[in-house]
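[1] kindly generate the corresponding structure for this input.
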Amino acid sequence: MSEAEQVRVMILCVNEIAETLNGNSFHNLPLIMDRSASGGLSPFWADFVDYQPSNIKLETAAHTNTVIGVGTLMWKFHTISGKTVFVPQVRYHMPKASVRLFSPQSYFRQFGGHGEIFGDNFLMHLADGQTIEFPVDKATNLPLFHGCSCSSTEKRAHGSQVCQELHGYSSFDAPLLLQQSPFHHCKHTCCECVAADENQNLLTAQKELLQWHWKLCINMRQIQ
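    Numbering: from 1, shown residues only. Below you'll find the predicted structure:
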């Protein structure tokens, strides 16, 4: 599944989940720990500590959504030991989204750690030994965390360090950030046509079959 297709699936989940949540303001909207999400997103520009504008249209059956930016989201969590930690994730700004999403597997792949799911909570174990608890919401049956947004003071104090740890460069280096995004990577690696010689995922015979299908506009079984 391509990155764009993964985001479309994520949007469908967002639309379904949003119907059961109360409160959609910057301070009240909870963060959903979604193990099925390919990445994170937020409807709020204020959640980002660095940012690169974009214009990516994503079509679903009922909606047209637009990703208007890619950048570093910084979430604030309180661990079970009482410590405040700031967790980054490079993902999407989608103003029409009605939820915040966090992808634990994406975070674990980059920073280490692991998660445990129980009947009433999700425990996110960070690589440094700290543990964050996400209680499972009874209405959505999903782990939610309230109070994840950062203040302007917190972003100024911790944003630069978070970005350096995440990307290896200073905060607000937006062009480099976009180059490292999956959409930029896809733009430079995808073939212009699935039947192109450069596409090594299909055999020559499969490409020829596709080309006859496009030319004759009939079922592939009839061509064979």
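
[2] would you map the helices across the protein?
    Remark: helices assigned in the chain by DSSP state H are 3-18, 104-111, 152-167, 174-179, 182-189, 204-216, 220-223.

[3] may I see the buried residues of stretch 42-60?
    Residues 42-44, 47-52, 54, 56, 58 are the ones in stretch 42-60 that count as buried (16 or more other Cβ atoms under 10 Å). The way it works is simple: take the backbone N, C-alpha and C, and place the C-beta from them, glycine included.

[4] let me fix that: stretch 120-127
    Using 16+ other Cβ under 10 Å as the test for burial, stretch 120-127 gives 122, 124, 126.

[5] with stretch 141-156 instead?
    By neighbour count on 16+ other Cβ under 10 Å, the buried set for stretch 141-156 is 142-145, 148-150, 155.

[6] strand partners (parallel or antiparallel) of the longest strand along the chain?
    In the chain, taking DSSP state E as the definition, the longest strand is strand 64-78. Paired with strand 64-78 in the same sheet, following DSSP bridges, are strand 48-59 (antiparallel), strand 84-93 (antiparallel).

[7] lowest-confidence stretch among those strands?
    Comparing mean pLDDT across those, the weakest is strand 48-59, with a mean of 82.

[8] and that strand with helix 152-167, angle?
    For strand 48-59 against helix 152-167, the angle by axes from the mean of the first three to the mean of the last three Cα atoms, to 10 degrees is 70 degrees.

[9] just give the closest residue to F86, not the sequence neighbours.
    H158 (4.8 Å; Cβ to Cβ, 6 or more residues apart in numbering).

[10] nope, I68 is what I meant
    Leaving aside its sequence neighbours, I68 sits nearest to H93 (Cβ to Cβ, 6+ apart; 5.6 Å).

[11] low-confidence ranges, the protein, go.
    Applying pLDDT under 70 to the chain flags residues 1-24, 38, 59-63, 165, 167-192, 214-224.

[12] ok so, going back, tell me which residues in the longest strand of the chain are buried?
    Of the residues in strand 64-78, 65, 67-77 count as buried by neighbour count, 16+ other Cβ under 10 Å.

[13] likewise stretch 194-201?
    Within stretch 194-201, the residues that qualify as buried are A195, counting by 16+ other Cβ under 10 Å.

[14] what comes into contact with that stretch?
    For stretch 194-201, the external contacting residues (Cβ atoms under 8 Å, 6 or more residues apart in numbering) are 191, 193, 202, 207, 210-211.

[15] could you list the domains of this structure?
    The chain resolves into domains spanning 3-189, 192-224 when parsed by automatic domain parsing.

[16] and these, which is most packed in?
    The highest mean neighbour count among the domains of the chain, using mean count of other Cβ atoms under 10 Å, belongs to domain 3-189: a mean of 17.

[17] from T204, how far off is the closest residue to Q211 other than its chain neighbours?
    Once flanking residues are discounted, Q211 sits nearest to A195: 5.6 Å by Cβ to Cβ, 6+ apart. Distance, A195 to T204, using Cβ to Cβ, to the nearest Å: 10 Å.
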